[in-house]
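Student: When you get a sec, could you give me coordinates for this:
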Amino acid sequence: MTFDVASVRASYHALGDGTAYLDGAAGTQVPAAVIDAITAVYRTGIGNAGGTFTSSRYAGEIVADCRQAVADLVGGVPEGIVLGQNTTSLVYRFSQTLSATWRPGDEIVVSRLDHDANVRPWVQAAARAGAVVRWAEVDPATGELPVEQYDGLVGERTRLVAVTAASNILGTRPDVAAITAKAHAAGALTYVDGVHATPHGPVDAAALGADFYATSAYKWSGPHIGAVAADPALLDSLHPDRLACSPGTVPLRFETGTPPFADLAGVTAAVDHLASLAGSGTGDRRERLLASMEAVESAEHELFGVMLRGLEELPGVTLYGKPARRTPTAYFRVAGHTPREVAEHLAARRVNVWDGHCYAWELTEALGLRETGGAVRAGLVHYNDRSDVDRLLSGLGELDADA
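Tutor: From the prediction side, this is the model:
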């Protein structure tokens, strides 16, 4: 399938403001179709779900449509999609639920490659349960998470292995399937953080071996909604705390309070948008998503090659991590300038990048960067084009000239 970035960009009102949005790793812009879907809900009669009247049934349909859309995106089933305000809230929900069965001496495995949202909730839950935390280490030179180390980390007392599908600062895509296979061989569950990976290519949570797969809609052009995909039978075996009168069925038992119905409609629209990125295509939505996201991955890879070569050629720029498989995410420093100074310089030229630890708390410590301001992060998503990259490199070139 073809990928026409100019056509894609035309669907985003925000991109017309003259800014190079290279901050997508922290949240993407929203296309017109998502805005329209959210607005349409508020222009229509809406009620809480579960009632007998039309506007209540409409709310229920919105929720059901959202579950199906997320299931299509990640390769799950709608009955196994848990929705929440964000993935950090959801991982706390699951860590509290799963750890209720842990006993002193049980073990969990977390990685220093991960965003802290897939580390700290598990570490805190382990501390309450008296469980042992084992750490998978990163090779600081390459940014890789060696699979072989899991042979010594996973054992008969392992209850959970948490790992990311992609680093949110280095882009590293570890061999998740190999890691989860080792966990399953020991009888452990796996929680895969797919927040940074999902926007950059096709996703098959089952092929990854994820018992739980987390994703955030605002990282792929949707509103601020988180989701976790799991086997409904697995969810049915878990018993989170809930109100006495709240539904006990799966997946509702994991969701607290009234959901933001309009935003859930926006999530469905965002998935439909992703399915259309490489043209109308053929087949059902899952098939169109796979084809579309494969085209996105290829286009991003090509543009990221331009970015990386440009960064490598700039004097004074130090790039961190050189993993074999990665998302289009660069993490770097510029000699003579703090990361914040670089970000401010680029912001003045309407180039958006992030600086600091970017919640990669353990990884920035392993890289020796956390205590000195982290580094600068520039990342591509499907709506970025060559002009965005050129503006980044031009702005950094000015900094080098000023140094």
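Student: going forward, measure contacts and count neighbours with C-alpha atoms only.
Tutor: Will do.
Student: wait, what's in contact with the residue nearest in space to the middle of the chain?
Tutor: Centroid-nearest residue in the chain: Val195, 1.1 Å away (criterion: Cα atoms, centre = their mean). Listed by Cα atoms under 8 Å, 6 or more residues apart in numbering, the contact set of Val195 reads 165, 214-216, 219.
Student: for the protein, what spans make up the strands?
Tutor: 20-21, 81-84, 107-111, 132-136, 158-164, 189-193, 212-216, 226-230, 317-319, 329-334, 351-352, 354-356, 375-379 (DSSP state E).
Student: would you list those in CSV and tack on mean pLDDT and distance to Glu144?
Tutor: Shown next, in CSV, are these (pLDDT from 0 to 100; distance: least, Cα to Cα, whole Å):
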stretch, mean pLDDT, distance to Glu144
strand 20-21, 99, 27
strand 81-84, 98, 30
strand 107-111, 99, 11
strand 132-136, 98, 11
strand 158-164, 99, 12
strand 189-193, 99, 16
strand 212-216, 99, 21
strand 226-230, 99, 25
strand 317-319, 98, 14
strand 329-334, 98, 14
strand 351-352, 99, 27
strand 354-356, 98, 20
strand 375-379, 99, 18
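Student: among the contacts of Val195, who's most crowded?
Tutor: Tallying neighbours with other Cα atoms under 10 Å puts Ala214 at the head of the contacts of Val195, with 30 neighbours.
Student: and it, how far is that from Ala343?
Tutor: 29 Å (Cα to Cα, to the nearest Å).
Student: What sits closest to Ile35 if chain neighbours are left out?
Tutor: If the residues on either side of it in the chain are set aside, Ile35 comes closest to Gly266, at 7.0 Å by Cα to Cα, 6 or more residues apart in numbering.
Student: now Gly281
Tutor: Nearest to Gly281 is Arg288, by Cα to Cα, 6+ apart, at 6.0 Å.
Student: Also Ser280?
Tutor: Ser280's closest residue in space is Arg288 (Cα to Cα, 6+ apart), at 7.9 Å.
Student: Ile81 now?
Tutor: Ala229 (4.6 Å).
Student: Run through the residues that contact the one you found.
Tutor: By Cα under 8 Å, 6+ apart, Ala229 lies in contact with 71, 74, 76-77, 80-82, 205, 211-214.
Student: Can you pull the poorly scored residue ranges out of the protein?
Tutor: 1, 400-403 (pLDDT under 70).
Student: What residue spans form the domains of it?
Tutor: The chain breaks down by automatic domain parsing into domains covering 5-30+285-402, 35-274.
Student: which of these is buried the deepest?
Tutor: Among the domains of the chain, domain 35-274 has the highest mean neighbour count (mean count of other Cα atoms under 10 Å), at a mean of 20.
Student: and that one, how far out from the chain's middle?
Tutor: On the basis of Cα atoms, centre = their mean, to the nearest Å, domain 35-274 sits 10 Å off its chain's mean C-alpha point.
Student: for that domain, how far is the first residue from the last?
Tutor: Start to finish, the residues bounding domain 35-274 are 15 Å apart (Cα to Cα).
Student: try stretch 249-265
Tutor: Length of stretch 249-265, first residue to last, Cα to Cα: 22 Å.
Student: which residues sit against it?
Tutor: 34, 37-39, 41-42, 48, 59, 62-63, 65-66, 79-84, 93, 223-225, 232, 235-236, 239-240, 242, 246-247.
Student: coming back round to it: please name whichever of the strands of the chain is nearest to Ser55.
Tutor: Evaluated over the strands of the chain, closeness to Ser55 peaks at strand 81-84, with 20.7 Å, by Cα to Cα.
Student: elements contacting that closest one?
Tutor: If you count contacts as 3 or more Cα pairs under 8 Å, 6 or more residues apart in numbering; DSSP states H and E, strand 81-84 packs onto helix 54-74, strand 226-230.
Student: Give me the sheet partners of that strand and which way each runs.
Tutor: strand 226-230 (antiparallel) (DSSP bridges).
Student: give me every residue that touches Asp241.
Tutor: Thr97.
Student: From Met293, how far off is it?
Tutor: Relative to Met293, and taking Cα to Cα, Asp241 is found at 37 Å.
Student: I figured Cys66 was touching Ala270, is that so?
Tutor: No - between Cys66 and Ala270 there is no contact under Cα atoms under 8 Å: 10.0 Å.
Student: ok, the residue lying closest to Thr364 once chain neighbours are set aside - contacts?
Tutor: Of all residues not flanking Thr364 in the chain, Arg370 sits nearest, at 4.8 Å (Cα to Cα, 6+ apart). Residues near Arg370 by Cα under 8 Å, 6+ apart: 356-357, 361, 364.
Student: now, the most widely separated pair of those residues?
Tutor: Checking the contacts of Arg370 with Cα to Cα, the most distant pair is Gly356 and Trp361, at 9.8 Å.
Student: I figured Arg103 hits Ala131, correct?
Tutor: Yes - with contact defined as Cα under 8 Å, Arg103 and Ala131 form a contacting pair (6.3 Å).
Student: residue ranges for the helices of the protein, please.
Tutor: 5-10, 32-42, 54-74, 87-99, 120-129, 150-153, 176-185, 205-208, 232-236, 261-275, 285-313, 339-347, 361-366, 386-402 (DSSP state H).
Student: Nearest to Thr329, out of the ones you listed?
Tutor: Short answer: helix 285-313, nearest of these by Cα to Cα, at 7.9 Å.
Student: Next, the angle helix 261-275 makes with the closest one.
Tutor: Angle of helix 285-313 versus helix 261-275, following axes from the mean of the first three to the mean of the last three Cα atoms, to 10 degrees, is 70 degrees.
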